[in-house]
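A.B. asks: Return a 3D structure for these sequence lines:
(chains A and B)
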Amino acid sequence: MDAKDILGLPKNQLPIPQEKKSRPPKEPQRKPDGISREVYALTGGLAPLMPSVDASQLRRHPPPDEKITWQWLPFTNSARKDDLQLFHWVRVVNGVPPTGDYAFAKYNKSVNIIKYTDEEYEKYLTDPTWTKEETDQLFDLCERFDLRFIVIADRFPSSRTVEELKDRYYSVSRALLSARAAPGDIANDPLVKEPYNMSQEVERKRALSMVLSQTKHQERKDTEVLAEAKRITESRMAAKGPEESELPVAANIGPENSQRAVVSGDAVTPSNATLPSAITASSTLMADNASTLASLRMLRVYLRTYALDQMVQAASASAGHRTIKRVEQTLQELGVNLKPKVPTKAVCAEHLELRKEILSLLNLQKQLQYKEAEGTSFHDSPYSETPGTPKRTPRGDQDRPFMPDPLSFGGDRFGKRDQKRKAPGRSSEAAQSPSQSKRPRKMKASDI
Amino acid sequence: MSSRKQGDSQPSEDGGTAGVKRIKITKSSEDPEKKGLSRRLKDAEISLPIVYGTIAFYLGRKASESQSHKWTVYVRGATNEDLGAVVKRVVFQLHPSFNNPTRVVEAPPFELSECGWGEFEIAISLFFHPDVCDKQLDLYHHLKLYPEDESGPQSTKKPVVVESYDEVVFPDPSEAFYCRVQNHPAVIVPRMPAGFNISAPDPAVPLENTNERERGDTKDHPLSQWFMNFSEADELLKLAAARQQVQAHIVKLRRQLSVMDGMPQLSKPPSAYE
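C.D. replies: Sure thing, here's the model as predicted:
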């Protein structure tokens, strides 16, 4: 047998279970008993290396040395406060019912609420905003509902917010703890180490609910503002390094602030300066460059390729991932290395400028697309989604071999629609050479 | 280093060699050595073009399982000039399976030869002279032993050469460094405005190891026939051509946009347009 060969075992009889011997050489043809043919075939038609259990053995029951009966017996539950007796099936072994408490009683846990006496209340726990009665009620509810403050707040007779209740409960507990115990012992108690801060909690919940209820539009604006803030703080840090007096620092931040482009025009930067809205992309790039240069100067030594990478990143900071891929595609079509092979100062500068120009080219194309979309949508009916309407393109020139398919840049503004459109656009690009006319098809889709 | 005080107006934004050079005067001691180190030249970056890489030869008949290739890793000046004026030593960190994987080369030419069978990443750390920079610079290079084209047996005559060009930039060089290298062939030093006079280096600040050094340049290096040529002219030409193309298209698009802005009522742009 092959298995035995692999193991290097002699081919004669071994002290292994019977079924091995009952399977002589012709394995694939013989279907062994106990398992179905298909299952056996799964093993490759070979005997398993481990001795398997004979199926007929499975049906045998273990010899019963105990007498098992099942009886319908009453039981009590120590978790209950009354003496209710219920019934259930019990597995009785040899006439002896099982001992011990009801199995689930151990799960009846409750919270350990501190109890105070009246004198203690007078001494430590009085509070102008809480009466003793209210505090007593609060503690009673806490006991009953295991510190589930949402429920407690619901049941509380006078209307109090969850935060107020929590605050009262935790401060009372903390006061009691510190009053009763020596100061050194309780330093590690969580009540003392992390006191409940009501105002912070209120604020936090409010902020959470605001975040939860944000619209998509707001979300996007927020991320933009945050990115700007990050850039400003970084440039501030970089600018603070080499400069020591206050004046240059303030002056550095001043022009950078005024140069920051605000995309939507009405977002306010964290520095609380309202900015002029119509800023061109180039001034943002300049500000980015300045901050990158400043941070580079902080390093005593760096590689020019590293510097170029930083500048490229800074220049593309406002561009989405897709746009960056477009830029790289364009570079490749132009026959330019994505990372210069000979990165001298001049080459790096030219490379950077080229990238910036490509970015502005892509932006212009996007703008042109918007204008076209606007222009055509005025005239057509709202249901102009029929793909069969060919339109003339204003851009009839075919002599731009490297011009990337304008359809493919939906940009981030078009949102989800872009995802679906890109697939046909991409495949058409791959299928034909870029200079052939696929314009009519492109125009169709952009009419939507 | 020592404290600096800014006396002037703000720094220029483009960081190039043009513009006013400002020297930061320090309040530190009048010790001439310290003075040279602490005066720094702002907006005057010094750059050192280098080429680093590996050359690997297949050993052919002499190859064994564990030593099939003889390879050399090195850092050289891009024009094969001596780097020793700037770089004090180079540390090559090899694969841990090598004995003493941290190899230190104290003098130029900064290279290291070894025999082996495997490809791995070599970490190259450049350490500079004290008046140049007190921080090290790390480069990484993947050792390539096997040629791209796998057809046929490897030749023992033609090695596998992988080189990378890069420039080490010192954005804020000290005066002493500047003086020392202003006429050095391996270093690119910016042109200073007329009237900018830096005195000759103070003899009290000698470079270490200047005395018994053998030649450190790689012009006649035994492997120099395999060194690659890096010419920025090609790349500059291509970049300039690309920029021209892009600019031309930008102009066209801008024209179209302004035309479209002029006629908002039109639904279909006239076909006569380009």
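A.B. asks: gap between residue A:315 and residue A:193?
C.D. replies: Residue A:315 sits 49 Å away from residue A:193, taking Cβ to Cβ, to the nearest Å as the criterion. In short, each C-beta sits where N, CA and C put it, glycine included.
A.B. asks: Neighbour count for the two, which is higher?
C.D. replies: Under the criterion of other Cβ atoms under 10 Å in any protein chain shown, the comparison of residue A:315 against residue A:193 puts residue A:315 first, with 21 against 9.
A.B. asks: surely that one meets residue A:289?
C.D. replies: Yes - because the distance of 7.3 Å satisfies Cβ atoms under 8 Å, residue A:315 is recorded as touching residue A:289.
A.B. asks: What residues of the lengthiest helix in chain A count as buried?
C.D. replies: The single longest helix within chain A, with elements called by DSSP state H, is helix A:345-379. Within helix A:345-379, the residues that count as buried by 16 or more other Cβ atoms under 10 Å in any protein chain shown are A:345, A:347-352, A:354-369, A:371-372, A:375-376.
A.B. asks: Show me what that helix is packed against.
C.D. replies: Under the contact definition 3 or more Cβ pairs under 8 Å, 6 or more residues apart in numbering or on different chains; DSSP states H and E, helix A:345-379 sits against helix A:281-298, helix A:304-315, helix A:321-333, helix A:439-446, helix B:232-262.
A.B. asks: From the structure, what's the count of residues near residue A:218?
C.D. replies: Using other Cβ under 10 Å as the criterion, residue A:218 is surrounded by 12 other residues.
A.B. asks: Likewise for residue B:163?
C.D. replies: Taking other Cβ under 10 Å as the criterion, the count of residues near residue B:163 is 18.
A.B. asks: where's the closest residue to it other than its chain neighbours, which helix or strand?
C.D. replies: Across the structure, with Cβ to Cβ, 6 or more residues apart in numbering or on different chains as the measure, the residue nearest residue B:163 apart from its sequence neighbours is residue B:53 (3.4 Å). With secondary structure defined by DSSP states H and E, residue B:53 is part of strand B:46-58.
A.B. asks: which residue ranges form the strands in the chain?
C.D. replies: Just so you know, I chose chain A. The residue ranges that make up the strands of chain A, judged by DSSP state E, are A:68-75, A:86-93, A:302-303.
A.B. asks: look at chain B instead
C.D. replies: B:46-58, B:69-77, B:87-93, B:102-105, B:110-116, B:121-128, B:137-142, B:160-170.
A.B. asks: Can you tell me the strand partners of the fifth one and which way each runs?
C.D. replies: Sheet neighbours of strand B:110-116, with direction, are listed as strand B:69-77 (antiparallel) (DSSP bridges).
A.B. asks: Need the per-residue pLDDT for residue 154.
C.D. replies: All of this is about chain A. According to the prediction, residue A:154 has pLDDT 92.
A.B. asks: if you could check chain B rather than the one you did, that'd help
C.D. replies: The score at residue B:154 is 78. That number is its pLDDT.
A.B. asks: For it, give me its contacts.
C.D. replies: For residue B:154, the contacting residues are B:58, B:60, B:146-147, taking Cβ atoms under 8 Å, 6 or more residues apart in numbering or on different chains as the criterion.
A.B. asks: Ranking by neighbours, what's the top pick from these?
C.D. replies: residue B:58 (21 neighbours).
A.B. asks: Which residue comes closest to that residue once chain neighbours are left out?
C.D. replies: Counting by Cβ to Cβ, 6+ apart, residue B:58 lies nearest to residue B:154, which is 3.9 Å off, once chain neighbours are set aside.
A.B. asks: per-residue confidence at the one residue in the stretch 51-200 of chain B that gets nearest to chain A?
C.D. replies: For the stretch 51-200 of chain B, the residue positioned closest to chain A under Cβ to the nearest Cβ is residue B:167, at a distance of 4.0 Å. According to the per-residue confidence, residue B:167 scores 93 in pLDDT.
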